[in-house]
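> Next one to model:
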Amino acid sequence: MSKIKPYKDSDLGKKEQVTKMFDNISGDYDGLNRVISFGIDVKWRKKVVKLVKDTSPDSILDIATGTGDLAINLAETNASRIVGLDISSGMLEVGKEKIKKKGLESKIEMVLGDSENMPFDNNTFDAITVAFGVRNFENLENGLKEIHRVLKPNGTFVILETSVPTKTPYKQGYNFYSKNILPLIGKIFSKDRVAYKYLSESASVFPYGETLNNILRKIGFINVEDFPQTLGVATIYKSSK
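Presented below is the predicted three-dimensional model:
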């Protein structure tokens, strides 16, 4: 996947580096997300929820669930089972507190686990979501193969991920913001200065649009569609098995 490393002075593999990074920023993550995206990420997640809700799933898996924002939103689908999976225990602990405050403990289960080696049987979930997580997979294709494995036939898979605007002047504006402003915000508001530099750099080199569509098709997903959001700074991808 990306050659960008969260901790360039570390001998750890990408998976361990990403885990360490998100553990470190777990307490700041929600607030910084709102600042960095100007709150638009909330609107994007609502669109993901609608796409999933339209398929009337009974069971949903939210991969790279982090602090549980999308998993909590997915409670609106009336699914009887929602599982949030993440490799960072720090992020999950924040998420568990949010779920408890909303009284959703009986509906949402938070699970510590690796998206590339998930503790679920084949064909388990009616719908699977990933919001801002696939670019952190150590091996993108392995992670997508695991998702395909645990998704039920005819099940729905929805990705929300950052992308890069292709039209002038939005492309230039995005590049300036991601390279200069985003790391500065992270430096000011977060105790982990490297993390937000990594997040901006990884977004800039991650495959998006038709390139990611073709990777999904290669894995075996069908009915692949993409929906650019907010001038192309993010994209929603929908596919099925």
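> now the strands: where do they sit in this structure?
Secondary structure of the chain by DSSP state E: the strands cover 59-63, 81-86, 108-112, 125-131, 151-162, 222-229, 234-240.
> same for the longest one, what does it pack against?
Looking back up the chat, that one is strand 151-162. Contacts defined by 3 or more C-beta pairs under 8 Å, 6 or more residues apart in numbering; DSSP states H and E place strand 151-162 against helix 40-53, strand 125-131, helix 210-219, strand 234-240. Just so you know, the C-beta spots here come from the backbone N, C-alpha and C atoms, and that holds for glycine as well.
> could I get the strands of the chain as JSON lines with mean pLDDT and distance to I181?
Shown next, in JSON lines, are those (pLDDT from 0 to 100; distance: least, C-beta to C-beta, whole Å):
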{"stretch": "strand 59-63", "mean pLDDT": "98", "distance to I181": "29"}
{"stretch": "strand 81-86", "mean pLDDT": "98", "distance to I181": "27"}
{"stretch": "strand 108-112", "mean pLDDT": "98", "distance to I181": "32"}
{"stretch": "strand 125-131", "mean pLDDT": "98", "distance to I181": "22"}
{"stretch": "strand 151-162", "mean pLDDT": "97", "distance to I181": "14"}
{"stretch": "strand 222-229", "mean pLDDT": "97", "distance to I181": "19"}
{"stretch": "strand 234-240", "mean pLDDT": "97", "distance to I181": "16"}
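> Let me have those in JSON lines, extended by mean neighbour count and distance to N175.
Formatted as JSON lines, those follow (neighbours: other C-beta atoms under 10 Å; distance: least, C-beta to C-beta, whole Å):
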{"stretch": "strand 59-63", "mean neighbour count": "26", "distance to N175": "28"}
{"stretch": "strand 81-86", "mean neighbour count": "24", "distance to N175": "29"}
{"stretch": "strand 108-112", "mean neighbour count": "18", "distance to N175": "36"}
{"stretch": "strand 125-131", "mean neighbour count": "26", "distance to N175": "23"}
{"stretch": "strand 151-162", "mean neighbour count": "21", "distance to N175": "13"}
{"stretch": "strand 222-229", "mean neighbour count": "15", "distance to N175": "17"}
{"stretch": "strand 234-240", "mean neighbour count": "21", "distance to N175": "15"}
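> any chance of these in a markdown table, with distance to D30 too?
Converted to a markdown table, the strands of the chain look like this (distance: least, C-beta to C-beta, whole Å):
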| stretch | distance to D30 |
| --- | --- |
| strand 59-63 | 15 |
| strand 81-86 | 14 |
| strand 108-112 | 15 |
| strand 125-131 | 13 |
| strand 151-162 | 16 |
| strand 222-229 | 20 |
| strand 234-240 | 17 |
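> Any chance of a markdown table for the helices and strands packed on strand 151-162, columns distance to P183?
As requested, the helices and strands packed on strand 151-162 are exported to a markdown table (distance: least, C-beta to C-beta, whole Å):
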| stretch | distance to P183 |
| --- | --- |
| helix 40-53 | 18 |
| strand 125-131 | 21 |
| helix 210-219 | 24 |
| strand 234-240 | 19 |
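> Quick one, which of those gets closest to L144.
Distance to L144, taken as C-beta to C-beta, is lowest for helix 210-219 among these, at 4.6 Å.
> now that closest one, how far from the chain's geometric center?
When C-alpha coordinates are averaged (C-alpha atoms, centre = their mean, to the nearest Å), helix 210-219 and its chain have centres 17 Å apart.
> That one to strand 222-229, inter-axis angle?
Using axes from the mean of the first three to the mean of the last three C-alpha atoms, to 10 degrees, the inter-axis angle of helix 210-219 relative to strand 222-229 is 160 degrees.
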